[in-house]
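Asker: heads up, no residue letters with this:
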């Protein structure tokens, strides 16, 4: 029997993809927003495609705010963009 692939929806473009193909953005119990590269950290997760465009789109559509039910300052998005660039340099 084939193993079921866990699917997640991108908060930027809304596409469903396999969990392994996506990046997890995490809200820690201390209410910090960080990229969870391992996908194993504790906290509430939201998923993004590995496309910078999806991060920009999620920022415009307030996808993270909806996922985490809190307002997110611009500084957090800037940090996410920096982390994103560092992790996924093309």
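Answerer: It's in. Small disclaimer: the values here were computed from a predicted structure and weren't measured.
Asker: use CA for all of it now, contacts and neighbours both
Answerer: OK.
Asker: Now for residue 57: which residues touch it?
Answerer: 12, 13 (Cα atoms under 8 Å, 6 or more residues apart in numbering).
Asker: what separates it from residue 64, distance-wise?
Answerer: Going from residue 57 to residue 64 by Cα to Cα, to the nearest Å gives 10 Å.
Asker: For residue 82, see how far away the residue lying closest to residue 58 once chain neighbours are set aside is.
Answerer: Residue nearest to residue 58 in three dimensions, not counting chain neighbours: residue 12, with 4.1 Å by Cα to Cα, 6 or more residues apart in numbering. Using Cα to Cα, residue 12 is found at 17 Å from residue 82.
Asker: can you tell me which helix in the chain is longest?
Answerer: Secondary structure of the chain per DSSP state H: the longest helix is helix 74-87.
Asker: Closest to the centroid, which residue in this protein?
Answerer: For the chain, the residue nearest the mean C-alpha position is residue 25 (3.3 Å; Cα atoms, centre = their mean).
Asker: can you pull up the bridge partners for that one?
Answerer: residue 35, residue 46 (DSSP bridges).
Asker: just for the protein, where's the confidence low?
Answerer: Scanning the chain with the threshold set as pLDDT under 70 gives 88-90.
Asker: Would you map the strands across it?
Answerer: With strands called from DSSP state E, the chain shows them at 7-9, 16-18, 22-27, 33-36, 44-49.
Asker: Give me the distance from the third one to the chain's centre.
Answerer: Between the centre of strand 22-27 and the centre of its chain there are 4 Å (Cα atoms, centre = their mean, to the nearest Å).
Asker: and what of the second one?
Answerer: Chain-centre distance of strand 16-18: 13 Å, with Cα atoms, centre = their mean.
Asker: Please point out which parts of that strand sit buried.
Answerer: residue 17 (16 or more other Cα atoms under 10 Å).
Asker: Repeat that for the last one.
Answerer: Counting neighbours by 16+ other Cα under 10 Å, one finds that the buried residues in strand 44-49 are 45, 46, 47, 48, 49.
Asker: Other residues contacting it?
Answerer: Contacts to strand 44-49, defined as Cα under 8 Å, 6+ apart, come from residues 8-12, 21-28, 54-55, 64, 67-68.
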